[in-house]
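Chemist: got a predicted structure plus its sequence, pasted below:
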Amino acid sequence: MLNEKVLPFLAEKGHIVSLVGGGGKTTLLYAMADHCARKGWRVVVMTTTRIRQSVAYYAPDDAALTTLWQAGHYAVIGTPAENGKLTLPPQQLLRRMAQADAVFIEADGAKHHPCKVPAAHEPVLLPQSDIVLAVAGLSALGKPLREVCFRYETIRPQFLATAPDAPLTPAMLAQLLASTQGGRKVVGDREFYAVLNQVDTPELQQQGIQIQQLLRQQGIQCVLTHFKEEERA
């Protein structure tokens, strides 16, 4: 369950929220959309890169979007692409963003990895987006970077300067999320949150609190989340 006290923008209409990183980003995206739609808000879900197409709430055109809103659902908009994916919506649907009470955008991909280092072209943040969430899965902790951090082996970020076979530590994950070459890349003056997902055990919770404290020392808001198996996208 999402908590509006720790994610206060969920209680405020008018935000355009972009999600970057890995480790449950899509699950969080749809959970936030559902949370707001259940309050009677008009909610749009979309991507600036690629996202798996929603079967239930996909809106291919204006009429379908209006129908979903009237039924109390969020609407997923986008242009169909190969392998059941959606890309950036066509212009006529993008214009409907102005009528939405909340917009949630998947702004990069991680190929199902718990964390990632962004490539030169990532993330793709719309100018209108005012909030960015950098998501990471705590399942990555203690495992070799090459296995759990998307693109780490090819990009090798200088701010970490750690061998691909090195295990990911809480301090390293905090550094990755806080870096302007990592989780905060091209965020600028947008409101920023780090979200630590997959807090599935007491041990991971303690490690998550450690990361949270490291980030808060840098003035970065950090939230811990957990979703049950049946809640995961």
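Modeler: On my side now, so go ahead. Residues are numbered from 1 along each chain as shown.
Chemist: isn't residue 117 right next to residue 153, touching?
Modeler: No - the pair residue 117 / residue 153 is not scored as a contact, 9.5 Å apart, by C-beta atoms under 8 Å. Every C-beta, even on glycine, is put in place using the N, C-alpha and C of the backbone.
Chemist: show me which of those two is the more surrounded one.
Modeler: residue 117 (25 against 15; other C-beta atoms under 10 Å).
Chemist: residue contacts, the more buried one?
Modeler: 149, 150, 151, 152, 155, 157, 176, 181, 182 (C-beta atoms under 8 Å, 6 or more residues apart in numbering).
Chemist: and for residue 203, the neighbour number?
Modeler: Using other C-beta under 10 Å: residue 203 sits among 12 other residues.
Chemist: which SSE is it in?
Modeler: helix 202-216 (DSSP states H and E).
Chemist: which helices and strands does that helix pack with?
Modeler: For helix 202-216, the packing partners by 3 or more C-beta pairs under 8 Å, 6 or more residues apart in numbering; DSSP states H and E come out as helix 170-178, strand 191-197, strand 221-224.
Chemist: can you add mean pLDDT and give the ones you listed back as a markdown table?
Modeler: Shown next, in a markdown table, are those (pLDDT from 0 to 100):
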| stretch | mean pLDDT |
| --- | --- |
| helix 170-178 | 98 |
| strand 191-197 | 98 |
| strand 221-224 | 97 |
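Chemist: and of these, who's closest to residue 44?
Modeler: strand 191-197 (18.9 Å; C-beta to C-beta).
Chemist: paired strands for the closest one, with orientation please.
Modeler: Using DSSP bridges, the strands paired with strand 191-197 are strand 131-137 (parallel), strand 221-224 (parallel).
Chemist: next SSE downstream of the lowest-mean-pLDDT helix or strand in the chain?
Modeler: Counting by mean pLDDT, DSSP states H and E, the chain has its least confident helix or strand at strand 51-52, which shows a mean of 84. Following the chain from strand 51-52 toward its C-terminal end, the next helix or strand by DSSP H and E is helix 62-70.
Chemist: list the helices and strands that next one packs on?
Modeler: Using 3+ C-beta pairs under 8 Å, 6+ apart as the contact test, the elements touching helix 62-70 are strand 75-76, helix 91-94.
Chemist: ok, the contacts of residue 117 vs residue 89, which is closest?
Modeler: residue 150 (24.8 Å).
Chemist: bridged to that closest one, which residues?
Modeler: Beta-bridge partners, per DSSP bridges, of residue 150: residue 116.
Chemist: ditto for residue 195
Modeler: Here residue 195, judged by DSSP bridges, has bridge partners residue 135, residue 223.
Chemist: thinking it is in contact with residue 31, fair?
Modeler: No - in this structure, residue 195 is not within contact of residue 31 by C-beta under 8 Å, at 11.0 Å.
Chemist: most packed of the strands paired with strand 191-197?
Modeler: strand 131-137 (a mean of 27; mean count of other C-beta atoms under 10 Å).
Chemist: and that strand, what's its mean pLDDT?
Modeler: Mean pLDDT, strand 131-137: 98.
Chemist: and that strand with helix 170-178, angle?
Modeler: For strand 131-137 against helix 170-178, the angle between stretch directions is 150 degrees (axes from the mean of the first three to the mean of the last three C-alpha atoms, to 10 degrees).
Chemist: next secondary structure element downstream of strand 131-137?
Modeler: Sequence-wise, the next helix or strand downstream of strand 131-137 (DSSP H and E) is helix 145-148.
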